[in-house]
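J.: Got a predicted model here, sequence first, then my questions.
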Protein chains: 2
Amino acid sequence: MTEKLPSKDMLALCDAMDILNGKWKIAIMCSLSQKKKRFKELQRDVGKVTGKMLSKELKELEMNELVNRYVLNTKPVTVEYELTSYGKTLEKVIMELVSWGLRHRKRILRKK
Amino acid sequence: MTEKLPSKDMLALCDAMDILNGKWKIAIMCSLSQKKKRFKELQRDVGKVTGKMLSKELKELEMNELVNRYVLNTKPVTVEYELTSYGKTLEKVIMELVSWGLRHRKRILRKK
DNA sequence: CTGTATCCACCTTGATACTG
DNA sequence: CAGTATCAAGGTGGATACAG
């Protein structure tokens, strides 16, 4: 069993990265992991993402069945987004990233 | 304690993403997590990354103290890369990504 | 072998204005 | 509020040639 070049792990990793690529996808999913949110809420929560990017990345997440989109019949239209059950399978990854990021911040501050 | 806009988690997440952004960084670290590798080995292992990109991303990883670079005194110069102990703190995140990717692949094949 | 330098096509992102 | 259209700008990444 000689380890051949593109290992299965590497391919899997690339698959995962393809789906999560984009500047805001992880942040969006992180925000949604707490609770469902409306478009504008999401925008405020994620930070300085433009409506265009938020819209685009949400659409991609929806296509990959990581996020559900619900249009509500309100006066000015309201749209809610939430993680699908499949999207929730990524929560563990995201939480690991967050906790690493928190540790990393402390480290940075120490050295600064 | 009203939850204010850019939550600490979100900031931490963005910090982490900043460091890991780039098409190949995660793949590089994944490959190095198995064992230290030379430049060319790494290139073969990661897949179809060009030397330029590999070099650039390795440099960035080095700057963030995630990877160590050793130049060996061999005839044609040899360089070895390995994860720093700090870089290893990211292994958990990477493994989660890989395992998610593996599950995701199965899911895709089923639906195809 | 391990890079760096240059050129360049392409894509991503942002700003802004606009629609329903 | 939610989303789209358009334009501009910068970054990304590939090919190639070359240096140490």
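T.: Now that the structure is in, tell me what you want to look at.

J.: for the residue in chain A that DNA strand C sits nearest to, helix, strand, or coil?
T.: DNA strand C sits closest to residue A:23 of chain A, with a gap of 3.4 Å, by C-beta to the nearest atom of the strand. The way it works is simple: take the backbone N, C-alpha and C, and place the C-beta from them, glycine included. Following DSSP: H, G, I helix; E, B strand; the rest coil, we place residue A:23 in the coil state.

J.: Does it touch residue A:53 like I think?
T.: Yes. Residue A:23 lies in contact with residue A:53 (C-beta atoms under 8 Å); the separation is 7.0 Å.

J.: If we ignore the residues flanking it in sequence, what's nearest residue A:66?
T.: The shortest distance from residue A:66 to any non-neighbouring residue, by C-beta to C-beta, 6 or more residues apart in numbering or on different chains, is to residue A:87 (3.8 Å).

J.: Got the confidence number for that neighbour?
T.: With respect to pLDDT, residue A:87 scores 96.

J.: give the contact list for it.
T.: A:29, A:32, A:61, A:65, A:66, A:67 (C-beta atoms under 8 Å, 6 or more residues apart in numbering or on different chains).

J.: now residue A:82
T.: Going by C-beta under 8 Å, 6+ apart, residue A:82 touches A:32, A:35, A:36, A:37, A:67, A:68, A:70.

J.: so which strand or helix has it?
T.: Applying DSSP states H and E as the criterion places residue A:82 in strand A:78-83.

J.: Filter the contacts of residue A:87 down to the buried ones and express that as a ChimeraX selection.
T.: Selection command for ChimeraX covering only the buried members of the contacts of residue A:87, criterion 16 or more other C-beta atoms under 10 Å in any protein chain shown:
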select /A:29,32,61,66,67
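
J.: ok, so of the contacts of residue A:87, who is nearest residue B:16?
T.: residue A:29 (13.6 Å; C-beta to C-beta).

J.: show me the contacts for the closest one.
T.: Residue A:29 is in contact with A:61, A:66, A:67, A:83, A:87, A:90, A:91, A:94, counting by C-beta under 8 Å, 6+ apart.

J.: Export these to a markdown table and append columns for secondary structure.
T.: Formatted as a markdown table, the contacts of residue A:29 follow (three-state DSSP):
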| residue | secondary structure |
| --- | --- |
| A:61 | helix |
| A:66 | coil |
| A:67 | strand |
| A:83 | strand |
| A:87 | helix |
| A:90 | coil |
| A:91 | helix |
| A:94 | helix |
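
J.: Which of these sits closest to residue A:77?
T.: Closest to residue A:77 out of the contacts of residue A:29 is residue A:67 (18.0 Å), distances taken as C-beta to C-beta.

J.: Wait, the closest one touches residue A:59, no?
T.: No. Applying C-beta under 8 Å as the test, residue A:67 and residue A:59 come out as separate, 9.2 Å apart.
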